[in-house]
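Student: fold the stuff below for me.
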Amino acid sequence: MQNVILVTGAGTGIGKLSAQALAEAGHIVYATMRDVEGRNKPRADELRALAAAKGIALHPLELDVLSWASADAAVAAIVHEQGRLDVVMQNAGHLVVGPGESPPFPRKRQPMAEDGVDVNGYGVRSDDERELLCTAPEDLTPARKESTERPAPVP
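Tutor: Sure, this is the predicted structure:
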């Protein structure tokens, strides 16, 4: 069975390798990352070239997991092109190097997107089968905050 799969954090590492392996196994894969026309353009172009060379369905797609609007746009694009989305592989994260056994986490969650806690700790949220991939807008830092309300779900 061929699935339509969205992989977050597919610009490098496990996300990239997973997206490639799933596409090579015959699935339709959307390899998502931030800024596919900017700083990640070389990574997106590499995936496009690989897809063309191997004849696989591997599609780089813009998605910032800290943005409701970005997540909805990505899902809408996939559903528009494929008619469905079967699988989501949440892989987006942020590498933090150093001792991690005793960080002073606040009792009340503060906006911490810049240090990776939002992405790694709170990046996936699923209220029903169609919602995915984002931290609540009230938890975003002001620079990343696009709205204070959740857009309507993708039909």
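Student: stretch 59-71: which residues count as buried?
Tutor: By neighbour count with 16 or more other CB atoms under 10 Å, stretch 59-71 contains the buried residues 59-68, 70-71. For every residue, glycine as well, the C-beta is placed using N, CA and C.
Student: what residue ranges in this protein score low on pLDDT?
Tutor: Counting by pLDDT under 70, the chain has low-confidence residues at 94-155.
Student: before we move on, the earlier item: got TSV for the buried residues of stretch 59-71, with secondary structure and distance to Thr32 too?
Tutor: Shown next, in TSV, are the buried residues of stretch 59-71 (DSSP: H, G, I helix; E, B strand; the rest coil; distance: CB to CB, whole Å):
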residue	secondary structure	distance to Thr32
His59	strand	9
Pro60	strand	8
Leu61	strand	5
Glu62	strand	7
Leu63	coil	4
Asp64	coil	9
Val65	coil	8
Leu66	coil	13
Ser67	coil	12
Trp68	helix	15
Ser70	helix	9
Ala71	helix	9
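Student: quick one, strands of the protein?
Tutor: With DSSP state E as the definition, the chain shows strands at residue ranges 4-7, 28-33, 58-62, 87-89.
Student: so which elements touch the second one?
Tutor: Counting contacts by 3 or more CB pairs under 8 Å, 6 or more residues apart in numbering; DSSP states H and E, strand 28-33 is packed against strand 4-7, helix 13-24, helix 41-54, strand 58-62, helix 68-82.
Student: next, the angle strand 58-62 makes with the longest one.
Tutor: When you say that, I think you mean helix 68-82. An angle of 150 degrees separates the directions of helix 68-82 and strand 58-62 when computed by axes from the mean of the first three to the mean of the last three CA atoms, to 10 degrees.
Student: thank you, goodbye.
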